[in-house]
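# Turn this into a structure:
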Amino acid sequence: MASMSYKVCTKCKKRKLIEEFYREKRKRDGYDTRCKNCVNGYQSQYRQEHRKQYLEIGKRWRQANKEQERNRALKKRYGITAEQYNILLESQNERCGLCGKHQSRFKNRLAVDHDHQTNRVRGLLCVECNILLGHLEKIEEIDFIVKANIYRGRN
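Residues are numbered from 1 along each chain as shown. The predicted structure is shown next:
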């Protein structure tokens, strides 16, 4: 049976299991002098006190690494890479999948349209079509368009 190793945190002065300390290869025993709770508390407080600096550093990094940030965001939100986005864009002839307008007519890139239930990517849409489609999906009545056309015909 393995013996339990303990160490005293230099910050809170509590005796804790060695697993409660981060590994630190520069230290003689291979562990940080402060426990994980104290390190995390200090880092959290430091980030809070220097919040503006952290925000500015992040902003500068994102501006300098736009493609990498875009790729990260696409992967996180939709599970696709920027390369897969570009392949999809080419397959749609750089046009909105719903209204057919060319991407060059819009200020922003075409939005990734996906099924919110399955997260499956359906295609690329302009912002207006993406918003409209989102609203239509929320409407449960299939004959909404019929009713809307009747209403528009009366007014």
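
# Would you mind writing the CA trace of the worst-scoring helix or strand of the chain on mean pLDDT as CSV?
Across the helices and strands of the chain, mean pLDDT, DSSP states H and E gives its lowest value to helix 144-154, namely a mean of 76. Only the C-alpha atoms of helix 144-154 are listed here, as CSV (Å, rounded to 0.1, in the frame of the first residue of the first chain):
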residue,chain,number,x,y,z
PHE,A,144,-48.0,30.4,-40.5
ILE,A,145,-46.9,31.5,-44.0
VAL,A,146,-50.4,30.9,-45.4
LYS,A,147,-51.9,33.0,-42.6
ALA,A,148,-49.2,35.7,-43.1
ASN,A,149,-50.0,35.9,-46.8
ILE,A,150,-53.7,36.2,-46.1
TYR,A,151,-53.0,39.0,-43.5
ARG,A,152,-50.8,40.8,-46.0
GLY,A,153,-53.4,40.6,-48.7
ARG,A,154,-56.0,42.2,-46.5
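
# Run through the helices of the protein in chain order.
Assigned helices in the chain, in chain order: 36-49, 51-64, 66-78, 82-91, 127-138, 144-154 (criterion: DSSP state H).

# can you put those helices in a markdown table and add mean neighbour count?
(C-beta placed from N, C-alpha, C; glycine too.) A markdown table is the format used below for these (neighbours: other CB atoms under 10 Å):
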| stretch | mean neighbour count |
| --- | --- |
| helix 36-49 | 12 |
| helix 51-64 | 10 |
| helix 66-78 | 13 |
| helix 82-91 | 14 |
| helix 127-138 | 13 |
| helix 144-154 | 10 |
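
# Tabulate these in TSV, adding columns for distance to Arg109.
Shown next, in TSV, are the helices of the chain (distance: least, CB to CB, whole Å):
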stretch	distance to Arg109
helix 36-49	32
helix 51-64	16
helix 66-78	9
helix 82-91	8
helix 127-138	9
helix 144-154	28
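
# Looking at the ones you listed, which is nearest to Arg28?
Closest to Arg28 of the helices of the chain is helix 36-49 (CB to CB; 18.0 Å).
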